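Visitor: Pasting the sequence and the predicted coordinates here, then a few questions.
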Amino acid sequence: MSKRDYYEVLGVAKGADDKEIKKAYKRLAMKFHPDRTQGDKAMEEKFKEVQEAYEILSDDQKKAAYDRFGHAGVDPNRGAGGGGNADFGDIFGDVFGDIFGGGGRRGQSRAQRGSDLRYNLELTLEEAVKGKSVDIKVPTMVGCDSCDGSGAKKGTSAKNCPTCHGAGQVTMRQGFFAVQQTCPTCSGRGKIIPDPCNKCHGEGRIEKTKTLAVKIPAGVDTGDRIRLTGEGEAGMHGAPAGDLYVQVSVKQHAIFQRDGNNLYCDVPLSFATAALGGEIDVPTLDGRVKLKIPAETQTEKMFRLRGKGVQSVRGGGVGDLVCKVVIETPVNLSERQKELLRQLDDSMAGDSEAKHRPKSKGFFDGVKKFFDDLTN
């Protein structure tokens, strides 16, 4: 009796991706599972058919062979015989790949480690500078607690693969060549699971949302990441878990901008204080400090407060806080205030203008020379 097309068994199109194939398998496995069909032999056969189709189409190597050669491409008896529809490109790739460092399909891990995961964590500047502990929720795959990650139903265990006899590899022969390839029946594990766990359906892992406590070290910045070993996805059939990487992003701050270990901020300064000098309060991450402003300070002058920046997570000295003063032009003036400003302006006019406004004098002298040169 000929086998049905695997795509037809799962009810998906031939170009279906891994996600569609897995979704179809889960739906049909639940429908035809022996625990739900109460000994119905026809349903049990459908369940086995669905499992077989999923085993082939969920494995990239087997799926490629099936798409190219049909059922003959994934027939486990192919490995022991005389080649059949073997692809010369694959054979040469395996043989010469080993010689030149490619490795072909040999030596494939028999227990593939779980995938690494990434979690994006947004922090305020204060949290990033001082550090903190946060709880995060991570949806992932964890080891099945019903079968302890083995994939086999309780009271049963995995058995040696009948195709490769536990080796995880089979020998392909083509003319003078004898090449070892990953066993298509067990995907290189050397074991098969005759009686899968009801909870994880033989995968050895299930979906779960984990809550993890993450300690954020002081001084982290946007782009830094924290590695939590073994907190990624669990591997299949008891294989080691991957890692979780917490990717840090720092929110924009209302006052400070960070550049490495230094902090920068703009400080508004009144016209009178800039001209006469004085003392103002400026913010730091540790509270307010006094900043002495010398007389005749010009706008955008920088003042550096040593040690008021950030201690880098990588060590070294503490950075500085750099304050740029921005002189504010008075607004909403009364008539009296306007008159006083006019009197001040008049008092600085005439021969003494260069003394009080050296930049303006130099600028306008340069403008005059520029136009004189154009007319001559």
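Guide: Structure received. Numbering: from 1, shown residues only.
Visitor: what's the following helix or strand after the helix or strand bottoming out on mean pLDDT in the chain?
Guide: Per-element confidence for the chain was summarised using mean pLDDT, DSSP states H and E. The lowest value among helices and strands belongs to helix 88-99, with a mean of 34. Note on helix 88-99: by DSSP states H and E, the next helix or strand toward the C-terminus is strand 117-123.
Visitor: how about that next one: buried residues?
Guide: Residues of strand 117-123 classed as buried by neighbour count (16 or more other Cβ atoms under 10 Å): 117, 119, 121, 123. In this view, the C-beta of every residue, glycine as well, is placed from N, C-alpha and C.
Visitor: next one: stretch 173-186
Guide: Along stretch 173-186, the positions that meet the burial threshold by neighbour count (16+ other Cβ under 10 Å) are 174, 179-186.
Visitor: Surely Glu44 is in a helix?
Guide: Yes - the assignment for Glu44 (DSSP: H, G, I helix; E, B strand; the rest coil) places it in a helix.
Visitor: And the buried residues of strand 117-123, which is closest to Leu212?
Guide: Distances from Leu212 to the buried residues of strand 117-123, taken as Cβ to Cβ, are shortest for Tyr119 (8.7 Å).
Visitor: Quick check: pLDDT value at the closest one.
Guide: Confidence at Tyr119, expressed as pLDDT, is 93.
Visitor: thought it was touching Asp243?
Guide: No - counting by Cβ atoms under 8 Å, Tyr119 stays clear of Asp243, with 11.2 Å between them.
Visitor: Point out the ones among the buried residues of stretch 173-186 that are inside strands.
Guide: Counting by DSSP state E, the members of those that fall within strands are 174, 179-182.
Visitor: So what does Val129 look like in phi/psi?
Guide: Val129 has phi and psi values of phi -70, psi -40 when expressed as degrees, to the nearest 10.
Visitor: That one: neighbour count?
Guide: When neighbours are counted by other Cβ atoms under 10 Å, Val129 registers 22.
Visitor: can you check Lys292 too?
Guide: Quick note: Lys292 (other Cβ under 10 Å) scores 9 neighbours.
Visitor: can you check Thr329 too?
Guide: Thr329 is flanked by 6 other residues according to other Cβ under 10 Å.
Visitor: quick revisit: now, among the buried residues of strand 117-123, which is nearest to Tyr66?
Guide: Nearest to Tyr66 among the buried residues of strand 117-123 is Leu117, at 30.1 Å by Cβ to Cβ.
Visitor: Dig out what the closest one forms beta bridges with.
Guide: Counting by DSSP bridges, Leu117 is bridged to Leu244.
Visitor: if I read this right, it contacts Gly230, doesn't it?
Guide: No - here Leu117 lies out of contact with Gly230, judged by Cβ under 8 Å, at a distance of 11.2 Å.
Visitor: Pull up the overlap in contacts between those two.
Guide: Taking Cβ atoms under 8 Å, 6 or more residues apart in numbering as the contact criterion, the common neighbours of Leu117 and Gly230 are 242-243.
Visitor: how about the helices in the stretch 201-350 of the chain?
Guide: In the stretch 201-350 of the chain, the segments counted as helices under DSSP state H, counting those that start in this stretch are 271-276, 335-347.
Visitor: Kindly reformat the ones you listed as CSV and extend each row with distance to Asp17, mean neighbour count and mean pLDDT.
Guide: Rendered in CSV, the data for those read as follows (distance: least, Cβ to Cβ, whole Å; neighbours: other Cβ atoms under 10 Å; pLDDT from 0 to 100):
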stretch, distance to Asp17, mean neighbour count, mean pLDDT
helix 271-276, 65, 15, 91
helix 335-347, 72, 10, 90
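Visitor: now those in TSV, with distance to Pro283?
Guide: Rendered in TSV, the data for these read as follows (distance: least, Cβ to Cβ, whole Å):
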stretch	distance to Pro283
helix 271-276	17
helix 335-347	29
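Visitor: Would you mind saying which of the ones you listed lies nearest Glu8?
Guide: Between Glu8 and the helices of the stretch 201-350 of the chain, the shortest separation by Cβ to Cβ is 81.8 Å, and it involves helix 271-276.
Visitor: For stretch 192-199, list every residue counted as buried.
Guide: Judged by neighbour count using 16+ other Cβ under 10 Å, the buried positions of stretch 192-199 are 192-193, 195-198.
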